[in-house]
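[1] Next come a sequence and a model predicted from it.
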Amino acid sequence: MTKRKITLIAVLVFLCVVYVIQLVISSGNRIKNFNLKESPDEITVMFPDKESFTLLKQTDSSGNEKWIIHGKNYEADPVAVKAMTDSLESIKSLGKVSSQTDGARFGLDSSSALSVSVSAGGSALCSVKIGNASTTGTQTYGVINGTGGVQLISGNLRDTFDKTIEELRNRLIFSVDQALVSKITVENQNGNFVLEKTGEPPLWNFNRDGVSGTPAQADSEKAASWVSSIVKLTALSFEEETAPIPETPAAGTVSFTLPDGEISLTLYKPEEEGSVYTAVSSASPWIFKLSSYTAERYLKNPEELKVQAGQ
């Protein structure tokens, strides 16, 4: 790209920013905050060109709150939902830029705009019609509660809410406290072994009954480092609900022993080297995919955890 083109683009961006500022100033409106009266428990996002969704807040038996994608029974990504609720709890309007509410130039026509409605206890709290992001990407054109014309809203609401169900889905399979794991049982082509905590303070060591032909002493630092790398697992993606478990032999299994039971993971090797692995876990009802980089952390060779000669 030539310097002349770069200069022209920079001037154009500057003029667009100036235009938006002039629109806001000419409207005579000051900055205004639209605050929710209470915390929402339902968020519906409607799209003109893809599947819409509703998020419902639920509380489990332990008192923990989570958001569910209605009709799918999938847990939503808590980080993505927090970004949504944070942006809705206090919407900051920088001023009105147009008296229209469906202008195509703002991305608010029926073929472009997405609509967000929020409620708590069955009562509506707020609605936002979201159009394009501004030139700078730090504001959004939108209509708040269906009135007041097009507002320039602080923040990129388009980026926050324009998600597919698959993108919004929580991909965390399990996350366990390493301190609560007492034993790890591993079976794979590199060798079968069992790590257990022994001694005081407790350190990871090989269980003699679990390692065939391998010295029972493990390098406690290497073992602890490896364990810390596998106690949290996030899926790359999920299979279709009707997808069957692979018929091919498992590439390996890992089982964590916890005070209240076990969590297991089974990996199925891909047909092509370097491709994604298929996996199942007792912590999830869904078949999922893992990158080869992630999956191969669990296919540990016990030789790599042994105390080396001379240590």
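    Alright, I've got the coordinates. Note that this is a predicted model, so its numbers are computed, not measured.

[2] by contact count, what packs against the host helix or strand of Ala279?
    Taking DSSP states H and E as the definition, one finds Ala279 inside strand 277-281. Applying 3 or more C-beta pairs under 8 Å, 6 or more residues apart in numbering; DSSP states H and E, one finds that strand 277-281 contacts strand 261-268, strand 284-290, helix 292-298. Where C-beta positions appear, they are placed from N, C-alpha and C, glycine not excepted.

[3] Just send these back as CSV, with mean neighbour count and mean pLDDT too.
    CSV is the format used below for the helices and strands packed on strand 277-281 (neighbours: other C-beta atoms under 10 Å; pLDDT from 0 to 100):
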stretch, mean neighbour count, mean pLDDT
strand 261-268, 17, 97
strand 284-290, 18, 95
helix 292-298, 17, 94
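
[4] Looking at these, spot the one closest to Gln100.
    Closest approach to Gln100 among the helices and strands packed on strand 277-281 (C-beta to C-beta): strand 284-290, 44.5 Å.

[5] Name all residues that make contact with Thr257.
    181-185 (C-beta atoms under 8 Å, 6 or more residues apart in numbering).

[6] Name the residues linked to the closest residue to Ile43 other than its chain neighbours by a beta bridge.
    Of all residues not flanking Ile43 in the chain, Leu55 sits nearest, at 4.5 Å (C-beta to C-beta, 6 or more residues apart in numbering). With DSSP bridges applied, Leu55 shows beta-bridge pairing to Ile43, Ile69.

[7] my read: Leu168 touches His70, true?
    No. If you go by C-beta atoms under 8 Å, Leu168 and His70 don't touch, sitting 11.7 Å apart.

[8] what's the overlap in contacts for the two?
    Joint contacts of Leu168 and His70 (C-beta under 8 Å, 6+ apart) are 53, 55.

[9] quick one, which of the two is more surrounded?
    Neighbours were tallied for Leu168 and for His70 using other C-beta atoms under 10 Å; the higher tally belongs to Leu168 (21 against 15).

[10] check contacts around the more buried one.
    53, 55, 69, 76-77, 80-81.

[11] Just name the closest of those residues to Ile173, please.
    Asp77 (12.9 Å).

[12] any idea how far Phe256 is from the closest one?
    Separation of Asp77 from Phe256 (C-beta to C-beta, to the nearest Å) stands at 23 Å.

[13] Looking at these two, which is more packed in?
    Per other C-beta under 10 Å, whichever of Asp77 and Phe256 has more neighbours is Phe256, with 23 against 18.

[14] No further queries at this time; thank you.
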